[in-house]
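Undergrad: structure of the sequence below:
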Amino acid sequence: MPTYKIRGIDVDFPFEAYDCQLVYMEKVIQSLQNKCNALLESPTGTGKTLCLLCATLAWRKSLGSFSTGVGVTSSQNSGGGADSQSQSTGTKRPTIVYASRTHSQIRQVIQELKRTSYRPKMVVLGSREQLCIHDDVSLLHGRTQSNACRFLRRKDIKREKSGCAHYFRVADYLKNNPQLGDEPIDIEDLVKIGKSSGPCPYYVSREIHKVVDILFAPYNYLIDREYRKSITLDWTDSVLIFDEAHNLESLCADAASFDLPSWLLTACASEAKKCIDLTVQRRNESSDKSHNPDDFAILRALLLKLEKRIAEVPIESKLGFSKPGPYIYELLGDLNVTHETASKLIKIIEDATEFLEEDNQQKSKDNICRLESLGNILKIIFRDGGSHAQFYSVHVQEVEASMSDGFKGKATRTLSWWCFNPGIAMQEFPKMNVGSVILTSGTLSPMDSFAQELKLDFPVRLENPHVITSNQIWAGVVPVGPSGYSFNSSYRNRDSLEYKKELGNAIVNFARIVPDGLLVFFQSYYLLDQCIGSWKTMTQDNSTTIWERICNHKKPVVEPRQSSLFALSIEDFMTKLNDKSTSGAIFFAVCRGKVSEGLDFADHAGRAVIITGMPFATLTDPKVRLKREFLDQQAYTKREVCKSNTLTGEDWYSQQASRAVNQAVGRVIRHRHDYGAIIFCDERFSHQNRQSQISLWIQPHIKCYSKFGDVVFSLTRFFRDGRICGPTKMKLLENVKLDQNSSKESELVEQIKEAPSDDKPTFSRSSMSADGNVSNLNKLQVLDKFCLEKFNPS
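TA: Below is the predicted model:
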């Protein structure tokens, strides 16, 4: 295993590192040594995660040995439960917290950790839904599950047989297995341990995390204050890593915001009424005076008054009612809910929630308690003395209730308090004396707006190139279609029949030229539905429709609006892609949708991606409108004070669209032997200001075309050229001698599998399949010439 000396630190790396990987690791170590923050962009396929782990752990190891073999003393028996402090000893070393958006991403990171030589003490934090193995509680979800767990644990403390046996076995198991966490373990491993040996996986991870060198967790454990309180760490000089951080700003803002629909208030009032009835019933039956019905009566009255107060807000337009953030205190003050009284109200809500959950447990009911969410809303509003309200807006809007709300077809109002300063969450870290915050992703560009939004200084920045060569990528702006009609998906043009017809004919051409998998991204579900609907009725020379001609070349799959159907659509796409009787599949999707977020369309799954336009958010959306106004006001104030350039509403609006484009195009070209095309079907991408916001690694390859025929010719030649695929199988075998004892062997085998066959174009199962026969290639040349002359798809 090669060792690299980077800024005085010996870094073990599993393979021979590329230059861009060494640069990336150098930036990571620079950030750690200087105790400063870093923004690091590196395209997918450049080994970003592996570099990040190796550099960070090498730096940590240089400060002293890892904590492997160190056990944790659980203090469950003292009555404090598994939430008590551990009794760990030893010299304090900085803890690394590695956060990603989802557990599936964390699982991939741990697989990368296993490939390294580093073995720090580690554990993964997960939710009860993922870790609970109790026969009954594991069937529950959300707050209901958490409260059921709490109810059973209290029985344990009292040594009641009906409590959770798994929880009670945690202390003994950890005492007898101090090595747990010395080797990389995932959530699935913790669950297996629990099922085989008995201890609760959830509380095992909660105990181990107190003595680890590196902790893996979802984002919310860092950006959400309540979740962060559950982590027992010394935050001083700690390292916080946010992987796949391209959506971090919106996640931070959402975590600090809330939407309170009137149906939720109605449900909470009903729960308060139930608490009154239960309290009176228990007093009459058993003289139980542990709860005061007057408290619950006050709560119910306040909820009904708040619902009435929201209903009285004057809404004079479809845009709704908007006020600056501090108005929330005026609205609640009318109900005598103030900074002085809020804490008492929150305590009543917590008592009511606990009371209801206890009753549900006794009666074996799986009812969702809504009151707890109201308590969280009040905590958001009344924290820190209200100084954060200046970064918020109050909004009240009337909408039609959905089926899930139980008020289908009825008009309902929603009170929203939206945070427009994502930095509120991130600015907590300097106050905690965190050493470094590292944000990394394949798509952070444009970086300036990203840093300004998070309100942190990022002295260390990197926009890394890709490890591929120039003949592995085709990137072009297509300003016009086959008939010469301009591609511009702005609001003025996108609903015209001419635009939809031209776009459809262009996609027919691309579906014919691009082998295997093709991804097409629209700005919105609305435009996707409109275009496909039109293509199913538009015919060419009174023959087949545009949609039928697309289907002749690729079997279509459309991204569903419902999240529950998404997995089925992916399965459908892969089935059609791997069907040898077809020439590939085409996935119609939307920017900011699930297809554009984190999915891997490597190799034949994604040979090209088409961007049909700039995915600007809807200007009339209240949240978008208020965000723009907030930034404009902030920029005006700062310019008056310090004359500095700050992010305006228009800057943010434009750069959000560019970041969505970067995220979508990142679905293709996923490793160093991959290749693909990026097709921008909108004339606005030819403007320099638009191209400057595209990921830096793509920019040098972008070529602007004036004629659609030139695009067809260039793209056809790109996919016919066998050399685009990087090293062939034969060249890899000739240039590399496999060492049977080397850790590189499995990776090299995978490289050889990925590489194309020797000196042959990789057109397998494509509409342009070639078997190396010269006559077949000549036929393709004639076909291309015919298409170039006609310009229209055949």
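Undergrad: so where is this structure shaky, pLDDT-wise?
TA: 73-91, 155-162, 362-367, 401-410, 540-542, 598, 640-644, 722-794 (pLDDT under 70).
Undergrad: in it, which residue is most central in space?
TA: Arg101 (4.7 Å; CA atoms, centre = their mean).
Undergrad: all strands of the stretch 601-750 of the chain, in order?
TA: Taking DSSP state E, counting those that start in this stretch, the strands of the stretch 601-750 of the chain run over residues 608-611, 676-680, 702-704.
Undergrad: of all those, which one is nearest Pro2?
TA: With CB to CB, the closest approach to Pro2 among the strands of the stretch 601-750 of the chain belongs to strand 676-680: 29.6 Å. Just so you know, the C-beta spots here come from the backbone N, C-alpha and C atoms, and that holds for glycine as well.
Undergrad: now what about the closest one, what contacts it?
TA: 472-478, 510, 514, 606-611, 665, 668-669, 698, 702, 711, 715, 718-719 (CB atoms under 8 Å, 6 or more residues apart in numbering).
Undergrad: what does stretch 534-543 give?
TA: Residues contacting stretch 534-543 (CB under 8 Å, 6+ apart): Leu497, Lys500, Lys501, Gly504, Asn505, Thr545, Ile546, Trp547, Arg549, Ile550, Asn792, Pro793.
Undergrad: for the residue lying closest to the fourth one once chain neighbours are set aside, what are its contacts?
TA: What sits nearest to Gly504 in space, not counting adjacent residues and going by CB to CB, 6 or more residues apart in numbering, is Ile546, at 3.9 Å. When contacts are counted by CB under 8 Å, 6+ apart, Ile546 touches Lys501, Gly504, Asn505, Val508, Ser534, Trp535, Lys536, Met538, Thr539, Gln540.
Undergrad: and these as a markdown table, adding neighbour count?
TA: Listed next are those as a markdown table, based on neighbours: other CB atoms under 10 Å:
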| residue | neighbour count |
| --- | --- |
| Lys501 | 20 |
| Gly504 | 24 |
| Asn505 | 23 |
| Val508 | 25 |
| Ser534 | 19 |
| Trp535 | 22 |
| Lys536 | 12 |
| Met538 | 16 |
| Thr539 | 12 |
| Gln540 | 17 |
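Undergrad: out of the residues you listed, who's nearest Gln562?
TA: Of those, the one sitting nearest to Gln562 (CB to CB) turns out to be Lys536, at 21.2 Å.
Undergrad: Ile610 contacts Cys681, doesn't it?
TA: Yes - in this structure, Ile610 is within contact of Cys681 by CB atoms under 8 Å, at 5.9 Å.
Undergrad: can you list contacts of stretch 291-304?
TA: Contacts for stretch 291-304 (CB under 8 Å, 6+ apart): 265, 268-269, 272-273, 275-276, 279-280, 282-283, 335, 337, 345, 348-349, 351-352, 355, 374.
Undergrad: revised request: answer the last question for stretch 559-572.
TA: Contacts of stretch 559-572 (CB under 8 Å, 6+ apart): Tyr525, Leu528, Val557, Val558, Phe587, Phe588, Ala589, Val590, Gly593, Lys594, Val595, Leu599.
Undergrad: repeat that with 10 Å
TA: Applying CB atoms under 10 Å, 6 or more residues apart in numbering, the contact partners of stretch 559-572 are 519-522, 525, 528-529, 555-558, 573, 585, 587-590, 593-596, 599.
Undergrad: mind listing what's buried in it?
TA: For stretch 559-572, the buried set under the neighbour-count rule, 16 or more other CB atoms under 10 Å, comprises Glu559, Pro560, Phe566, Ser569, Ile570, Asp572.
Undergrad: between the two ends of that stretch, how far is it?
TA: 11 Å (CA to CA, to the nearest Å).
Undergrad: chain center to it: distance?
TA: 17 Å (CA atoms, centre = their mean, to the nearest Å).
Undergrad: name the helices or strands packed onto the longest helix seen in the chain?
TA: Longest helix of the chain, by residue count under DSSP state H: helix 262-286. When contacts are defined as 3 or more CB pairs under 10 Å, 6 or more residues apart in numbering; DSSP states H and E, helix 262-286 packs onto helix 293-311, helix 342-362, helix 371-381, strand 411-419.
Undergrad: quick one: it to strand 411-419, angle?
TA: Calculated by axes from the mean of the first three to the mean of the last three CA atoms, to 10 degrees, helix 262-286 forms an angle of 100 degrees with strand 411-419.
Undergrad: so helix 262-286 versus helix 371-381, what angle?
TA: Using the same axes, to 10 degrees: helix 262-286 against helix 371-381 is 120 degrees.
Undergrad: before we move on, the earlier item: which of the contacts of stretch 291-304 are buried?
TA: 265, 268-269, 272-273, 275-276, 279, 282, 335, 337, 345, 348-349, 351-352, 355, 374.
Undergrad: which residues touch Pro615?
TA: By CB under 10 Å, 6+ apart, the residues touching Pro615 are 489, 521-524, 527, 590-593, 596, 656-661, 663-664.
Undergrad: just the buried ones from those, in PyMOL syntax?
TA: Filtering those down to the buried ones (16+ other CB under 10 Å) takes a single PyMOL command:
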select buried, resi 489+521+522+523+524+527+590+591+592+593+596+656+657+658+659+660+661+663+664
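Undergrad: so which of the contacts of Pro615 belong to helices?
TA: Leu527, Gln656, Ala657, Ser658, Arg659, Ala660, Val661, Gln663, Ala664.
Undergrad: got the buried residues for stretch 694-707?
TA: So, applying 16+ other CB under 10 Å, buried residues of stretch 694-707: Ile694, Ser695, Leu696, Trp697, Ile698, His701, Ile702, Tyr705.
Undergrad: and those residues, which is closest to Gln30?
TA: Leu696 (19.1 Å).
Undergrad: the closest one contacts Arg461, correct?
TA: No - applying CB atoms under 10 Å, one finds Leu696 not in contact with Arg461, separated by 11.2 Å.
Undergrad: need the overlap of contacts for these two.
TA: Glu41, Met447.
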